[in-house]
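A.B. asks: pasting the structure only:
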């Protein structure tokens, strides 16, 4: 028995995709399900720019759920959101300011946030890379839309300045949540929970760029209390995304 088998694990962040040669990784749904069984994941939230493909994968599933990926620069983004948020198992919105080339504090994001508020779903945002996804550019959106819950995936990623900034803005904004995939410092998981709150920090592995083998070991190294580990690995995502 593995140590993590005692907990319900919900992966808040995974991609079904074949990424560019720069990344050199890919993942299909069969490979994802194999990993879910191996690492005892009960549920997984997946996404891809091809929302129609994702819709086919999650339809009828009891353990695969999805975020709608949109680029606010596309004129069709609002219609895409309204279409897919009405489909089965779509439970949130995905924005990737770095890949799609905009900053989250731009007015072009406001209609996306308005739809998130209308449907009552969180927005997941890539966080941690200049020039488009720095934590400081995420906070104005949280302030303008206090009823919209924002999940900063990677929690600042690999730079200590950005990691600390992500924790700080989540600490002072009740509607900002943190997800820790790709963030290398196990100690910052515990610090984030202590500062931001035990219900606002959640587990993800960013498959196929990340992997549960090291993300779970990072969680163990964080030396969390049992209740905090339970919330971190699954309870917080379950509550945020209404996955009961």
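C.D. replies: Structure received. Every value quoted in this text rests on a predicted model; they were computed, and no experiment measured them.
A.B. asks: buried residues in stretch 92-105?
C.D. replies: 92, 93, 94, 95, 96, 97, 98, 100, 102, 103, 104, 105 (16 or more other C-beta atoms under 10 Å). All C-beta spots, glycine's among them, are computed from the backbone N, C-alpha and C.
A.B. asks: just checking, the last one touches residue 134?
C.D. replies: No: if you go by C-beta atoms under 8 Å, residue 105 and residue 134 don't touch, sitting 10.1 Å apart.
A.B. asks: which of the buried residues of stretch 92-105 fall in helices?
C.D. replies: Under the assignment DSSP state H, the buried residues of stretch 92-105 contribute 97, 98, 100 to helices.
A.B. asks: check which helix or strand residue 242 maps to.
C.D. replies: Using DSSP states H and E, residue 242 falls within no helix or strand.
A.B. asks: if I look at residue 48, how far off is residue 109?
C.D. replies: Applying C-beta to C-beta, to the nearest Å, the value for residue 48 to residue 109 is 20 Å.
A.B. asks: neighbour-wise, which of the two wins?
C.D. replies: Applying other C-beta atoms under 10 Å to residue 48 and residue 109 shows that residue 109 carries more neighbours, namely 23 against 19.
A.B. asks: so who does that one touch?
C.D. replies: Residue 109 makes contact with 72, 95, 102, 141 under the criterion C-beta atoms under 8 Å, 6 or more residues apart in numbering.
A.B. asks: now with 10 Å, please.
C.D. replies: Residue 109 makes contact with 72-73, 77, 95, 97, 102-103, 123, 125, 140-141, 144-145, according to C-beta atoms under 10 Å, 6 or more residues apart in numbering.
A.B. asks: same question, residue 55
C.D. replies: The contact partners of residue 55, by C-beta under 10 Å, 6+ apart, come to 66, 68, 83, 84, 87, 88, 89, 90.
A.B. asks: what's the closest non-adjacent residue to the fourth one?
C.D. replies: Distances taken as C-beta to C-beta, 6 or more residues apart in numbering place residue 68 nearest to residue 84, at 4.3 Å, with adjacent residues excluded.
A.B. asks: three-state assignment of that neighbour?
C.D. replies: What DSSP: H, G, I helix; E, B strand; the rest coil gives for residue 68 is strand.
A.B. asks: show me the beta-bridge partners of it.
C.D. replies: Beta bridges link residue 68 to residue 93, judged by DSSP bridges.
A.B. asks: name the next helix or strand downstream of the lowest-mean-pLDDT helix or strand in the chain, please.
C.D. replies: Within the chain, no helix or strand scores below strand 17-18, which has a mean of 73 by mean pLDDT, DSSP states H and E. Using DSSP H and E, the helix or strand that directly follows strand 17-18 along the chain is strand 26-27.
A.B. asks: elements contacting that next one?
C.D. replies: With contacts defined as 3 or more C-beta pairs under 10 Å, 6 or more residues apart in numbering; DSSP states H and E, strand 26-27 has these neighbours: strand 9-15, strand 17-18.
A.B. asks: what would those strands look like in CSV with mean neighbour count and distance to residue 117?
C.D. replies: Shown next, in CSV, are the helices and strands packed on strand 26-27 (neighbours: other C-beta atoms under 10 Å; distance: least, C-beta to C-beta, whole Å):
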stretch, mean neighbour count, distance to residue 117
strand 9-15, 26, 20
strand 17-18, 17, 28
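A.B. asks: in terms of mean pLDDT, which of those ranks lowest?
C.D. replies: Of all the helices and strands packed on strand 26-27, mean pLDDT reaches its minimum on strand 17-18 (a mean of 73).
A.B. asks: fine by me, we can end here.
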